[in-house]
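Asks: pasting the sequence and the predicted coordinates here, then a few questions.
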Amino acid sequence: MKFSLVAKDKNSNARAGIIETSRGPIQTPIFMPVGTQATVKSVSQADLLERIKAQIILANTYHVYLRPGMEVIQKAGGVHQFMNWHKPMLTDSGGYQVFSLSSIRKITEEGVSFRSHLDGSKLFLSPVDATDIQRTIGADIFMAFDECPPYPCDKQYAEKSMKLTHRWLSKCVNRFNETSPLYGHEQSLFPIVQGSVFKDLRIESAKYVADQGMDGNAIGGLSVGEPAEQMYEMTSLVCDILPKDKPRYLMGVGTPENILEGIALGVDMFDCVMPTRNARHGFIFTSEGIVNIKNEKWKLDFSPLDPVFTPEYSKAYVKHLIKCNEMLGATIASIQNLSFYVWLSQEARKHIIAGDFSTWKKEILEKTMRRL
């Protein structure tokens, strides 16, 4: 994988770049739709390509490991072949489930013991396991196994968790270096910076991660309940330390405002379930502002849901579909939200290159974050 910078904003740390992978280029900054179980919920691969214009999507190691399982993935020839997606993919390591499934897991030095959320069966995931599983899945970029500490947590816990993540990272890097891709395409391993909201821990972790010399780096453990100001403060701190010639990935973030602020701080890659999750509940991001399509005010509104992204469907019709729990409603709303998010990141790129990102950012936030 190769990363090259195209332009940098003169009034912030925002930058435009290109990540070159064997499955094609990724123009940064980029938003990556989340496909937890080897599918972006309610959206087809054709729509991802043609309407949403996604350049890279995610899958979740933990969920794909459980279903369909590694035998199916390997016999299919990797996750790209399995789901008929031939652009780049990224997988998280399963580390987030260490956080989100805290009631059914136990952390030790060796790894994490889980109870499957599907049937309660026991399973164990170590740093080596997470690396091998992601080799088998075949994602172009995959993440080192980590622990995402909860917020809030005391500093003693955060430090203990960070040091465990660093020890696990060393095992992931060693295993990555002694193994090879299975399907003829190169893979990259990204380490993850942790440290909760403690400045000295974030600095220590960012330096440790940077020293690994991997193709790119991620910032984890944010957007887990802390105030946005702390998220931005930690992100800024870490971006100042991570190498400028490697892509930076802020995991699990977030709202359009979060993404634009992250871009201004020097982040290149983002993902979040918010566009699809909110879509299924009728909360829709449009080029004109935010629409809660369940509100009665849209019942007789036959104007387009969005004149830019979904001009063929009226607000009244989408309201009807969402109210009736029709699958088409979730599909239309998800396409709309993902189109908006991908467009927003690519518009940011255009304005970084044009040299007016900071001015545009203020204007677009006022427009797209207002409630209609």
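Replies: Structure received.
Asks: how is the protein partitioned into domains?
Replies: Here the domain parsing of the chain from automatic domain parsing is 2-272, 273-372.
Asks: can you put those domains in JSON lines and add mean pLDDT and mean neighbour count?
Replies: No exception for glycine: its C-beta is placed from N, CA and C like everyone else's. Converted to JSON lines, the domains of the chain look like this (pLDDT from 0 to 100; neighbours: other Cβ atoms under 10 Å):
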{"stretch": "domain 2-272", "mean pLDDT": "95", "mean neighbour count": "19"}
{"stretch": "domain 273-372", "mean pLDDT": "97", "mean neighbour count": "18"}
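Asks: wait, what's in contact with the residue lying closest to S22 once chain neighbours are set aside?
Replies: Spatial nearest neighbour of S22, excluding adjacent residues (Cβ to Cβ, 6 or more residues apart in numbering): H185 at 4.6 Å. The neighbourhood of H185, defined by Cβ atoms under 8 Å, 6 or more residues apart in numbering, consists of T21, S22, R23, G138, D140.
Asks: cutoff 10 Å now
Replies: Neighbouring residues of H185 by Cβ atoms under 10 Å, 6 or more residues apart in numbering: T21, S22, R23, G78, H80, P88, G138, A139, D140.
Asks: residues in contact with the first one?
Replies: With contacts taken as Cβ under 10 Å, 6+ apart, T21 has the following neighbours: 1-2, 55-56, 87-89, 140-141, 185-188, 215.
Asks: please state the offset of stretch 75-83 from the chain centre?
Replies: Put simply, stretch 75-83 sits 21 Å off its chain's centre (Cα atoms, centre = their mean, to the nearest Å).
Asks: what's the end-to-end length of it?
Replies: Using Cα to Cα, to the nearest Å, one end of stretch 75-83 lies 13 Å from the other.
Asks: same thing with stretch 138-156?
Replies: Note: stretch 138-156 ends 36 Å apart using Cα to Cα.
Asks: now do the contacts for the residue lying closest to M70 once chain neighbours are set aside.
Replies: Nearest non-adjacent residue to M70, counting by Cβ to Cβ, 6+ apart: T136, 5.0 Å away. By Cβ under 10 Å, 6+ apart, T136 lies in contact with T61, V64, Y65, G69, M70, E71, I73, Q74, G78, V79, L182, Y183.
Asks: sorry, back to before: so can I have JSON lines of the contacts of T21 showing secondary structure and distance to L222?
Replies: Shown next, in JSON lines, are these (DSSP: H, G, I helix; E, B strand; the rest coil; distance: Cβ to Cβ, whole Å):
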{"residue": "M1", "secondary structure": "coil", "distance to L222": "24"}
{"residue": "K2", "secondary structure": "strand", "distance to L222": "27"}
{"residue": "Q55", "secondary structure": "coil", "distance to L222": "23"}
{"residue": "I56", "secondary structure": "coil", "distance to L222": "20"}
{"residue": "K87", "secondary structure": "coil", "distance to L222": "27"}
{"residue": "P88", "secondary structure": "coil", "distance to L222": "23"}
{"residue": "M89", "secondary structure": "strand", "distance to L222": "23"}
{"residue": "D140", "secondary structure": "coil", "distance to L222": "24"}
{"residue": "I141", "secondary structure": "strand", "distance to L222": "19"}
{"residue": "H185", "secondary structure": "coil", "distance to L222": "30"}
{"residue": "E186", "secondary structure": "coil", "distance to L222": "29"}
{"residue": "Q187", "secondary structure": "coil", "distance to L222": "25"}
{"residue": "S188", "secondary structure": "strand", "distance to L222": "22"}
{"residue": "D215", "secondary structure": "coil", "distance to L222": "21"}
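Asks: make JSON lines out of those residues and add distance to F309.
Replies: Listed next are the contacts of T21 as JSON lines, based on distance: Cβ to Cβ, whole Å:
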{"residue": "M1", "distance to F309": "30"}
{"residue": "K2", "distance to F309": "32"}
{"residue": "Q55", "distance to F309": "17"}
{"residue": "I56", "distance to F309": "19"}
{"residue": "K87", "distance to F309": "20"}
{"residue": "P88", "distance to F309": "23"}
{"residue": "M89", "distance to F309": "24"}
{"residue": "D140", "distance to F309": "27"}
{"residue": "I141", "distance to F309": "27"}
{"residue": "H185", "distance to F309": "31"}
{"residue": "E186", "distance to F309": "34"}
{"residue": "Q187", "distance to F309": "33"}
{"residue": "S188", "distance to F309": "31"}
{"residue": "D215", "distance to F309": "33"}
